[in-house]
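J.: Okay, here's the prediction I keep looking at, along with the sequence it came from:
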Amino acid sequence: MPVAYEQKDTILHVENLTVAYGEKVVLKDVNLIERDVVRPEKKQGQIIAFVGRSGRGKSTLFKALTGLAKPTSGRVLIPDYSQPPTDGRQPAKLVEEGDVGFVNQKYTLFRHKTVYQALHFALRKSNLSSQEKDEKIMHYLADWGLEKNKDQFPNELSGGQRQRTAILEQLLSSGYYMVLDEPFSGLDVGNIDNVKKAFQLINESHELNTIMFSTHDIELAVELADSLYVIGYPPAEVNAATHAGTIIKHFDLKQMGLAWHDGFDNDHLACVHDIKKLMLQS
Ligand SMILES: Nc1ncnc2c1ncn2[C@@H]1O[C@H](COP(=O)(O)OP(=O)(O)OP(=O)(O)O)[C@@H](O)[C@H]1O
Ligand SMILES: [Mg+2]
């Protein structure tokens, strides 16, 4: 059953992006535009998946999206919410380090900070009063099943608890955008479920919240995302001596009627099949 939605303001614009390490061009001519998804009577954030075979440049793209890697050419634009809108539109700005939360695969945490202290630190730039910060943290800890762990240090947490803490930290310190590089790798079924729930919580808690993630689990990508990009080598160049990754295909899962479903049906499976086939050729 199709779900009604509209697409409004541009929230991410990647324009002719090329990224190289030294002489080696790793990503070439990446172009994408994502817009704010608006659904009637529902707060609806965005979940964007990036899939592709190993070494095609997903992590490199994420470094550019978070401002950690300077593009060789092209640019990454996001709306500048510190400026007033002109003609009803938010002016755009080049992405800078700190604009987009980045959760790397290792879920690095401060060794000497408890969960509570780490989250408090994440809110250091916020204008909230000390009491408001405390309330906000306690609210999130309860929602994310971490209340009992609030005074524990990272080495006293399970992998899944560490993970949720790392995601929360980014959620509190960054704005609406969050990039997660392979957040599901190496997790047991229970923890996969926890991260999935965390995605849903983020997705439903603010209209502009935008999660971008990479994964090698194509089923999971199709299940969670409303927009999906396949990163690969252009098929004609797969066997060339030098090649750079780019977007091979965009799957707009909203338009395909596959987004925001509770389950996974035959149409999702067919899409997974198409994606895997494309990946094998790129
Ligand atoms: N710091 C670096 N210096 C030089 N080359 C790099 C560097 N980081 C990555 N690369 C190269 O860039 C290419 C893309 O790597 P990247 O990590 O972006 O791929 P990926 O799609 O994330 O792969 P995976 O699925 O294995 O994580 C690879 O050929 C890799 O060897
Ligand atoms: Mg990677």
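T.: Perfect, I can see it now. Ligands and ions are numbered 1, 2, ... in the order given.
J.: give me the beta-bridge partners of the most centrally placed residue in the chain?
T.: For the chain, residue 212 is the residue whose C-alpha lies nearest the centre (C-alpha atoms, centre = their mean; 1.8 Å). Counting by DSSP bridges, residue 212 forms beta bridges with residue 48, residue 179.
J.: Surely it touches residue 64?
T.: No. Taking contacts as C-beta atoms under 8 Å, residue 212 lies outside contact range of residue 64: 11.6 Å. Heads up, the C-betas are built off the backbone N, CA and C, glycines and all.
J.: Please list all residues in contact with the residue nearest to the centre of the chain.
T.: 48, 49, 50, 62, 65, 177, 178, 179, 180 (C-beta atoms under 8 Å, 6 or more residues apart in numbering).
J.: Which among those count as buried?
T.: The neighbour count (16 or more other C-beta atoms under 10 Å) marks 48, 49, 50, 62, 65, 177, 178, 179, 180 as buried among the contacts of residue 212.
J.: Distance-wise, check the fifth one relative to residue 232.
T.: Translated: residue 65. Distance from residue 65 to residue 232, counting by C-beta to C-beta, to the nearest Å: 18 Å.
J.: neighbours of whatever residue of the stretch 1-150 of the chain ends up closest to ligand 2, just the number please.
T.: Here the stretch 1-150 of the chain gets closest to ligand 2 at one residue, residue 59, 3.2 Å apart by C-beta to the ion. Applying other C-beta atoms under 10 Å, we find 17 other residues in the vicinity of residue 59.
J.: One more: the one 5 residues further on?
T.: The tally of other residues near residue 64 (other C-beta under 10 Å) stands at 23.
J.: Quick one: list the elements packing against the host helix or strand of it.
T.: For residue 64, the element it lies in under DSSP states H and E is helix 58-65. Judged by 3 or more C-beta pairs under 8 Å, 6 or more residues apart in numbering; DSSP states H and E, the packing partners of helix 58-65 are strand 6-21, strand 24-38, strand 46-51, strand 177-181, strand 210-214.
J.: would a markdown table of these with distance to residue 243 and mean pLDDT be doable?
T.: Below are those laid out as a markdown table (distance: least, C-beta to C-beta, whole Å; pLDDT from 0 to 100):
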| stretch | distance to residue 243 | mean pLDDT |
| --- | --- | --- |
| strand 6-21 | 13 | 96 |
| strand 24-38 | 9 | 96 |
| strand 46-51 | 18 | 98 |
| strand 177-181 | 22 | 94 |
| strand 210-214 | 19 | 97 |
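J.: Could you export those strands as CSV, including distance to ligand 2?
T.: Below are the helices and strands packed on helix 58-65 laid out as CSV (distance: least, C-beta to the ion, whole Å):
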stretch, distance to ligand 2
strand 6-21, 13
strand 24-38, 11
strand 46-51, 9
strand 177-181, 6
strand 210-214, 6
